[in-house]
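Novice: here is my input, please return the structure:
(2 chains)
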Amino acid sequence: MPPPANQPNIRVVTLNIDGQDLSAREDETIIEVCRENQIPIPSLCYLEGLSVWGACRLCLVELAGQNRLLAACSTRVAEGMRIQTNTERLQRYRRTIVELLFAERNHVCSVCVSNGHCELQWLAQRCGVDHVRVPYRQASYQVDSSHEMFRLDHDRCVLCTRCVRVCDEIEGAHTWDVMGRGSDCRVITDMAQPWGDSETCTSCGKCVQVCPTGALVKQGTSVGEMVKDQHFLPILARRRHTI
Amino acid sequence: MSRTVTIEPVTRIEGHARITLQLGESGEVEDAKFHLTQFRGFEKFCEGRPYREMPALTARTCGICPVSHLLASNKACDHLLSVSIPPTGEKLRRIMNLAQLTQSHALSFFHLSSPDLLLGWDADPSVRNIFGVMRQEPALAKDGIRLRQIGQTIIETLGGKKIHPTWVVPGGVSEALTREKRDAMLGLIPEGLEIAKRTYAFFKTLVPRFTDEANHFGSQPTLFLSLVTPRGNLEHYDGFLRIKDAQGRIVEDMVPPIEYERLVGEAVEDFSYMKFPYYKPHGYPGGIYRVGPLARLNNAEACGTPYADVALAEFRMLQETGPITSSFHYHYARLVEIIYALEMMDRLLRDPGILDARVRARARSNRYEGIGVAEAPRGTLMHHYRIDDEGLINWVNLIIATGHNNLAMNQSIRQVADAYVDGNHLQEGMLNRVEAVIRCFDPCLSCASHAFGQMPLSIELRDAAGRIVDTLRRG
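Specialist: This next block holds a predicted model:
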């Protein structure tokens, strides 16, 4: 969530990220400072304009003097921090996380409507995932195509919960939620009813636009045609805060 | 002593297969079978997926001819949408299909079959491949590679990718053609046509050398199935189904492709993963028929382009009367079709409406069942889907061109084995002829193999007790 404007008594801290000496507001998170300073840091569940979830663990960073890795999206900066964002250890972990995401469900890029416009695909390319070293679960998931305008494909879902948060925090409908545990975990509409039967869904499409993969897409799109537009989100989020 | 000769894998084809020859007591061939040894399962794992994914999904059947599946699948989806696609969209699809035909036929003729034709059936297997052709006939090999490149480049120009483009979509194509792309493609065609004509002229001089093969390579009578235009001419994208018999009599004509089930039944045998389609009114296995270039030219009244029509007339002179029956002449038919494809692409690209921006009809699914039929390089390709209320696939039937030819391929290897294989004096060249008749059909078995040349081949002779009597190895 972006910080409210013109807050008094916010101090500035200095820290070092990847050898660069930087200054930042003390209420900022590491990922926000990295993005402001064009330091690339991968993420999947984090999206500017939505609350922080900290689930995907792709934005983990190393903090000097501490062995535990920290999620850059949910860690606030502090005076004197020395942070590394792209060590060999982090690269290894990130690659493994992306591989596990691919193994968990059936992400078949070549036939996906989001092929070429998918954040998971970009991450895989960036993390050097040329193959998956763990066995695929080959689980069977249903496609929910009951909505007039949109479609849900659980096979492509990475459970980032962006849809849940945007629907709750920006649209105010709270149509989406999460049910089940572990590998049975999945996103649902209303009380696990078909999306087309949802009484709370306003068909605004925000969930589709923020979805990083081909899990939530527009009906009528063919392979590679689903291009998401997330520009609306920071604007709406800022307006909400200024009201 | 009864023995079985196994040819595995069959080389220089697309996919994985095995041939077994059952020899009798005195070494004569008693039975011959063509086995498809791989299982893909597309008809099953497509169930539950949105129908709009089907073109890209089913195109993965094949890396050589993805465009054919793309088109048949999209036509089935057009049927589900109940739309008539814009004329320019249809023309653009036709161009891509013809480019696909050109590159696939070039692959079959130059890369896979020319080693047999130029270097001889009995040549050393270590040189009887495209690299051997490059050494002996470098100009011809270069022509083959260039012709394939021209076809691939046109596909890439239209669809953005040489293999598995997604530009064809339900309702038409996703993007209109630009003037620059049109001109670039037009610039390629004269060279392609020159190569095609040159190769055709050269091949004509080779044909008389292969009279014996032509007489024994699957020359038994069968029916011929293909699409034709409403006027009965050569057609690769749309039109109607026609079946001719071996005497040239039209058995079925102007059958709308959506009625294919009235004509074609599918039988299953336990020795192959490939089904055995047959002409229903004649029953199984009596309803044997062939598809592909040979069938298309036999069924067509004319090609409709100048040079291809001349070549078609010469093709018909290969036999005194009736349709050309020898499967050896699939090679000839392929070269005629390459000429046709290049001439037709030129005509379509010069069409005044080809740059029209209206190339896609948009609709939602408006029926529960969709059928799409197009001519793939290897023959008539049928996609048939059923969907539920939400547009999710709940039933798929795919009849691939190679499947149609299954009965004929089995019949042909028996004929070739009878003519050439002597079980008492087994020689590699004999078995290569058995493989070569399969290559005439250009089967696309896994539709994904890039293998040719030096693939390992192991042939074992076993006696009735299963003991190895003799072994031939190569590769």
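
Novice: which parts of the stretch 1-150 of chain B sit against chain A?
Specialist: Applying CB under 8 Å from any CB of the partner chain, we find that the stretch 1-150 of chain B lies next to chain A at B:48-50, B:52-53, B:55-57, B:60. No exception for glycine: its C-beta is placed from N, CA and C like everyone else's.

Novice: who touches stretch A:35-43?
Specialist: Contacting residues not belonging to stretch A:35-43 are listed as A:17-18, A:20, A:22, A:24, A:31, A:33-34, A:48, A:56, A:58-59, A:61, A:72-73, A:85-86, A:94, A:123, A:126-127 [CB atoms under 8 Å, 6 or more residues apart in numbering or on different chains].

Novice: buried subset of the residues you listed?
Specialist: Among the contacts of stretch A:35-43, those classed as buried by neighbour count (16 or more other CB atoms under 10 Å in any protein chain shown) are A:17-18, A:22, A:24, A:31, A:33-34, A:56, A:58-59, A:61, A:72-73, A:85, A:94, A:123, A:127.

Novice: next step: those residues restricted to helices.
Specialist: Counting by DSSP state H, these place A:31, A:33-34, A:94, A:123 in helices.

Novice: give me the number of residues near B:I150?
Specialist: By other CB atoms under 10 Å in any protein chain shown, the residues close to B:I150 number 24.

Novice: how about the residues of chain A near chain B?
Specialist: Residues of chain A lying near chain B by CB under 8 Å from any CB: A:110-113, A:115, A:142-146, A:151, A:153, A:196, A:219-225.

Novice: next step: those residues restricted to strands.
Specialist: Per DSSP state E, strands hold the following members of the residues of chain A next to chain B: A:143-144, A:151, A:153.

Novice: redo the residues you listed as JSON lines? Include neighbour count and pLDDT.
Specialist: Conversion of these to JSON lines gives the following (neighbours: other CB atoms under 10 Å in any protein chain shown; pLDDT from 0 to 100):
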{"residue": "A:V143", "neighbour count": "19", "pLDDT": "95"}
{"residue": "A:D144", "neighbour count": "21", "pLDDT": "97"}
{"residue": "A:R151", "neighbour count": "26", "pLDDT": "97"}
{"residue": "A:D153", "neighbour count": "25", "pLDDT": "97"}
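
Novice: hmm, which two among the residues you listed are most spread apart?
Specialist: Greatest spatial distance in these: A:D144 and A:D153, 7.9 Å, computed using CB to CB.

Novice: name the nearest residue to the residue of the stretch 351-475 of chain B found nearest chain A, sequence neighbours excluded.
Specialist: Closest contact between the stretch 351-475 of chain B and chain A, by CB to the nearest CB, is at B:E390 (3.8 Å). Excluding its sequence neighbours, the residue lying closest to B:E390 (CB to CB, 6 or more residues apart in numbering or on different chains) is A:S145, at 3.8 Å.

Novice: so where is chain B shaky, pLDDT-wise?
Specialist: Low-confidence segments of chain B (pLDDT under 70): B:1, B:11-15, B:445-475.

Novice: just want the most central residue of it.
Specialist: Central residue of chain B (CA atoms, centre = their mean): B:R378, 1.1 Å from the mean position.

Novice: name the nearest residue to that residue, ignoring sequence neighbours.
Specialist: B:A401 (3.8 Å).

Novice: now swap in B:F276 and tell me
Specialist: Closest to B:F276 by CB to CB, 6+ apart is B:A267, at 4.3 Å.

Novice: and that neighbour, what are its phi and psi?
Specialist: Reported as degrees, to the nearest 10, the phi and psi values for B:A267 are phi -110, psi 160.

Novice: my guess is it contacts B:Y279. True?
Specialist: No: using CB atoms under 8 Å, B:A267 makes no contact with B:Y279, being 11.5 Å away.

Novice: chain A contacts on the stretch 351-475 of chain B?
Specialist: When proximity is defined by CB under 8 Å from any CB, the stretch 351-475 of chain B lies next to chain A at B:362, B:364, B:390-392.

Novice: in ChimeraX, how would I select the buried members of those residues?
Specialist: Buried residues among those (16+ other CB under 10 Å), as a ChimeraX selection:
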select /B:390,391,392
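
Novice: how does chain A divide into domains?
Specialist: Domain assignment for chain A, taken from automatic domain parsing, gives A:12-86, A:91-242.
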